[in-house]
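In: quick one, structure for this:
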Amino acid sequence: MEIWINPACSKCRSALTLLDAEGADYTVRRYLDDVPTEAEISDVLERLGLEPWDITRTQEQAAKDLNLKDRATWPRDASGRARWIKALTEHPKLIQRPIITAEDGTAVVARTDEAVRDALSR
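Out: Sure, this is the predicted structure:
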């Protein structure tokens, strides 16, 4: 299992604490330093069953600078999907965190203890 984290994020630190408490075997990926490729983001989205705008932190300054909330400029459908993924690779701070890829091939956005436990049970 792998967990994408930003060490400055309290949700990420909580997830790591819980994984450690449960004795989980995992790899940490500091995604701001080791930025996921477009292919990796696409894979994680498939594993999550989500679209790129579903895992985008729209309150970040980069999102405001890009005007991501403007649906005319940033459509939330198949026509805009590749552009959203590209934005996540160019501005990784926009990626929701933490994301855990589970051993069964799925993934979860692990912002709660319940979501972390869900990943552990897979």
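
In: which regions of the chain sit below the pLDDT cut-off?
Out: Applying pLDDT under 70 to the chain flags no residue at all.

In: tell me where the protein has strands.
Out: With DSSP state E as the criterion, the chain has strands at 2-5, 27-30, 99-101, 107-109.

In: can you tell which of these is closest to Arg47?
Out: Nearest of the strands of the chain to Arg47, taken as Cβ to Cβ: strand 107-109 at 3.8 Å. All C-beta spots, glycine's among them, are computed from the backbone N, C-alpha and C.

In: packing partners of that closest one?
Out: Here strand 107-109 touches helix 38-48, strand 99-101, helix 113-120, going by 3 or more Cβ pairs under 8 Å, 6 or more residues apart in numbering; DSSP states H and E.

In: try it again with 10 Å
Out: Applying 3 or more Cβ pairs under 10 Å, 6 or more residues apart in numbering; DSSP states H and E, one finds that strand 107-109 contacts strand 2-5, helix 38-48, strand 99-101, helix 113-120.

In: what helices or strands is the longest one leaning on?
Out: Using 3+ Cβ pairs under 10 Å, 6+ apart as the contact definition, the elements that helix 38-48 packs against are strand 2-5, helix 81-90, strand 99-101, strand 107-109.
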